[in-house]
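Undergrad: Let's see this in three dimensions:
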Amino acid sequence: MLHHMPHKLLSASHFNFTELAPGVGFGEAPDVAWYALPYVPLIVFVGVTGVGKSTTLQALREQQFNFALLPDRRELTDHLIIAFLQRQAGVAPHPVTDRTERFQLTRRYREQFSGGMSHALSQLLVRIGTQQDIDSTPVPSSRNQQRWWIFDGLRGANEVQAAATLLPHARFVVLDAPDAVRVERLLGRADHFDRVALQALYSSTPSAEHSFATIGVLEADALFDREEIAGLLSLCVAPIGTGTVAVDDLRTRLKIVAEERRNYDPAAAIQTLTREANERTLVIDTTQVDAAQAASQMIEWLPAQ
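TA: Numbers count the residues shown, from 1 in each chain. This is a model prediction of the structure:
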């Protein structure tokens, strides 16, 4: 259901309305058909790379769940965080591709607005009650006649703690999986939360090294136990392992997972949500269910509209 919206948005953006995607924008609402995101049916996916968010979204489409996907994190960073800071500095908005510069800008935004991405997300407006050519299932399910909006997704304790306050009516769906599973999924071996294949990974013969220093990623050792390290190394081509994965591919995926874990702790995010918004939070272990089951759990858990 739609919730009461104040006449004026609490926004960091005091400039004309901009439409980011059909039915999604920010700035001054152009007419009464536009609602602030904190007051519409909203689902926020929480999880890091490789936990199964994209696969779950596809399963929701296949089950004809009525939803529209909001612009992703990068788009919001470009248009609501970086562009805002550039305007604030008297500079015309322009693309920033350098990762170091982007990190510095997002840090400055967090210093001004606690929650960072959660604050940016709360500034969005969506149009309600009109037919639009957007990414959604055309036929609503019998349980959910009104469209839900989905954001993919928030990460880490700081973001979800802010979101629990800034998005008081949002539902949070946490998708979780062990780091070793995430690496294998990023390598493209697992599909639809293929738990059998993931278990086979850990039954591999341990290598003598038991360290990712073997392939130059020593910093990843702290994330895995000896059996997981041995299993992942065994996926590589000889002489590292007996599999078919190029060493550079494993090295790249390990660095992705290690970098995310330095910035976002999935366990801390879950703890924060269960403390701050327990009744609005659903946690799904994607090694225990397939994508269709995860989607079904979500649909059954959401309140009927």
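Undergrad: any idea where the strands of the chain begin and end?
TA: 18-21, 24-26, 34-36, 42-46, 67-69, 124-127, 148-154, 171-176, 281-285 (DSSP state E).
Undergrad: Now do the buried residues in the last one.
TA: Of the residues in strand 281-285, those buried by neighbour count under the rule 16 or more other C-beta atoms under 10 Å are 281, 282, 284, 285. Heads up, the C-betas are built off the backbone N, CA and C, glycines and all.
Undergrad: if you average pLDDT over that strand, what comes out?
TA: Throughout strand 281-285, pLDDT has a mean value of 98.
Undergrad: Now render the strands of the chain as JSON lines, adding distance to residue 242.
TA: Shown next, in JSON lines, are those (distance: least, C-beta to C-beta, whole Å):
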{"stretch": "strand 18-21", "distance to residue 242": "46"}
{"stretch": "strand 24-26", "distance to residue 242": "48"}
{"stretch": "strand 34-36", "distance to residue 242": "55"}
{"stretch": "strand 42-46", "distance to residue 242": "36"}
{"stretch": "strand 67-69", "distance to residue 242": "40"}
{"stretch": "strand 124-127", "distance to residue 242": "49"}
{"stretch": "strand 148-154", "distance to residue 242": "36"}
{"stretch": "strand 171-176", "distance to residue 242": "30"}
{"stretch": "strand 281-285", "distance to residue 242": "29"}
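Undergrad: buried stuff in stretch 103-123?
TA: Those would be 105-106, 109-110, 113, 115-123, for stretch 103-123 by 16+ other C-beta under 10 Å.
Undergrad: and which of these is nearest to residue 231?
TA: Residue 231 lies nearest to residue 117 out of the buried residues of stretch 103-123, by C-beta to C-beta, at 33.4 Å.
Undergrad: isn't the closest one right next to residue 76, touching?
TA: Yes. Proximity of residue 117 to residue 76 meets the contact threshold set by C-beta atoms under 8 Å, at 6.7 Å.
Undergrad: before we move on, the earlier item: show me the two of the buried residues of stretch 103-123 that sit farthest apart.
TA: Going by C-beta to C-beta, the pair spanning those furthest: 105 and 122, at 18.7 Å.
Undergrad: So, low pLDDT: which residues of the stretch 151-300 of the chain?
TA: Along the stretch 151-300 of the chain, segments meeting pLDDT under 70 span 189-209.
Undergrad: let's go with 80 and repeat that
TA: 189-210 (pLDDT under 80).
Undergrad: got it, and the stretch 1-150 of the chain?
TA: 1-15, 99-100, 129-146.
Undergrad: what are the ranges of the helices in it?
TA: Secondary structure of the stretch 1-150 of the chain by DSSP state H, counting those that start in this stretch: the helices cover 53-62, 73-76, 83-88, 99-112, 117-122.
Undergrad: Can you pull out the residues in contact with the fourth one?
TA: Spelled out, that is helix 99-112. For helix 99-112, the surrounding residues in contact (C-beta atoms under 8 Å, 6 or more residues apart in numbering) are 12, 77, 81, 82, 84, 85, 96, 116, 117, 119, 120, 158.
Undergrad: separation between residue 181 and residue 232?
TA: Using C-beta to C-beta, to the nearest Å, one obtains 10 Å as the distance from residue 181 to residue 232.
Undergrad: between the strands of the chain, which one is nearest to residue 296?
TA: strand 281-285 (10.5 Å).
Undergrad: The closest one pairs with which strands, parallel or anti?
TA: strand 171-176 (parallel) (DSSP bridges).
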